[in-house]
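A.B. asks: A structural model of the following input is requested.
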Amino acid sequence: MSVSRPGPIADVVVDAKAVAVFLRQHPDFFLRYADLLSDLELPHSRAGDTISLIERQVDVLRQKNASQQVQLEQLVFHAKENELRQQRLMRFFISLSALTEAKVLCENMPKQLAETFDLAHVDIKFIAERVSKVEGMAMLFSGNEGYAWLAERLADGHSVCDNRMPSGPRDLLLGSTTASIRSLAVVPVTNRSATLVAMIVLGATQADRYQPGVDTVFLDLVGAMVSATCWRLGIV
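C.D. replies: Below is the predicted model:
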């Protein structure tokens, strides 16, 4: 008595999910029914030829391994980047703790940040109505165009990253240096009452350096340390 082979899969009514569940629950199925292996046909992922089940398994495992290797390399890269960033921040914080003059803070802090993080532009702009004026301070006023936009976004005490900032606040922060800067981070500096008294402006030539959604933990640390230094030096 001959047994007819089933037609194409399109002609067979089968619950594919149920089959998948069954095979996962019985991983030794093909050991007990080894003769089925010779009947299986699997398309090769890179060509029209068919390959054996074992070849397909090896191919899938290789692809998974390659993907996991890439993910591991990315994790290692980011871990090293974070470690370097922490070391740079530590050196920056030590230099802040050694400052004894407000004038030196205004002059040196932007230079140090620019060198530490390889930035095209760094500045600190104090809000004139809220600080004691010091020689060398860059000032802005709460009535300036673009100030309200910035103050609203810094109200929660966290830094803001933006590569599509409107022209008003962008011009207020950068002045005439806007051409080469493609992304910005604005770090709040506050007094002891958590009132905004200054903004640290970080400008990068890379559009993706400070785009919305970037983690601001390190930037917020910079803001907290500069705020504490301003308190100590009597600027606010």
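A.B. asks: What is the longest helix anywhere in the chain packed up against?
C.D. replies: In the chain, assigned by DSSP state H, the helix with the most residues is helix 53-97. With contacts taken as 3 or more C-beta pairs under 8 Å, 6 or more residues apart in numbering; DSSP states H and E, helix 53-97 sits against strand 42-43, helix 102-117, helix 217-232. Bear in mind the C-beta positions are built from the backbone N, C-alpha and C, glycine included.
A.B. asks: what about 7 Å?
C.D. replies: helix 102-117, helix 217-232 (3 or more C-beta pairs under 7 Å, 6 or more residues apart in numbering; DSSP states H and E).
A.B. asks: Please work out the average pLDDT along it.
C.D. replies: Taken as a whole, helix 53-97 has a mean pLDDT of 80.
A.B. asks: Run the angle between it and helix 217-232 for me.
C.D. replies: 10 degrees (axes from the mean of the first three to the mean of the last three C-alpha atoms, to 10 degrees).
A.B. asks: Tell me the spacing between residue 235 and residue 164.
C.D. replies: According to C-beta to C-beta, to the nearest Å, residue 235 and residue 164 sit 32 Å apart.
A.B. asks: for residue 77, same thing?
C.D. replies: For residue 77, the distance to residue 164 - C-beta to C-beta - is 27 Å.
A.B. asks: repeat for residue 81
C.D. replies: 25 Å.
A.B. asks: again, but for residue 212
C.D. replies: When residue 212 is compared with residue 164 (using C-beta to C-beta), they lie 8 Å apart.
A.B. asks: What of residue 126?
C.D. replies: Taken as C-beta to C-beta, the span from residue 126 to residue 164 is 26 Å.
A.B. asks: out of these two, which sits in the more crowded spot?
C.D. replies: Ranked by neighbour count (other C-beta atoms under 10 Å), residue 126 and residue 164 place residue 126 first, with 22 against 11.
A.B. asks: where does this structure have low pLDDT?
C.D. replies: 1-14, 34-35, 37-58, 177 (pLDDT under 70).
A.B. asks: With adjacent residues omitted, what lies nearest to the residue most central in space within it?
C.D. replies: The residue lying closest to the centre of the chain (C-alpha atoms, centre = their mean) is residue 214, at 3.9 Å. Spatial nearest neighbour of residue 214, chain neighbours left out: residue 161 (4.5 Å); criterion: C-beta to C-beta, 6 or more residues apart in numbering.
A.B. asks: what do you get for residue 120?
C.D. replies: residue 205 (4.9 Å).
A.B. asks: how about the one you found, phi and psi?
C.D. replies: phi -80, psi -10 (degrees, to the nearest 10).
A.B. asks: residues near the nearest residue to residue 194 once chain neighbours are set aside, how many?
C.D. replies: Ranked by C-beta to C-beta, 6+ apart and with sequence neighbours excluded, the top spatial neighbour of residue 194 is residue 157, at 6.4 Å. Applying other C-beta under 10 Å, we find 13 residues neighbouring residue 157.
A.B. asks: got a list of what residue 157 touches?
C.D. replies: If you count contacts by C-beta atoms under 7 Å, 6 or more residues apart in numbering, residue 157 has them with 188, 190, 194.
A.B. asks: To what extent is the last one buried, counted in neighbours?
C.D. replies: Going back to what we said before, that points to residue 194. Residue 194 - counted by other C-beta under 10 Å - has 11 other residues nearby.
A.B. asks: shouldn't the residue nearest to residue 214 be in contact with residue 186?
C.D. replies: No: the pair residue 161 / residue 186 is not scored as a contact, 8.1 Å apart, by C-beta atoms under 7 Å.
A.B. asks: And the helix or strand harbouring residue 170, what does it pack against?
C.D. replies: Using DSSP states H and E, residue 170 sits within helix 167-174. When contacts are defined as 3+ C-beta pairs under 7 Å, 6+ apart, helix 167-174 sits against helix 147-153.
A.B. asks: Nothing else from me, thank you.
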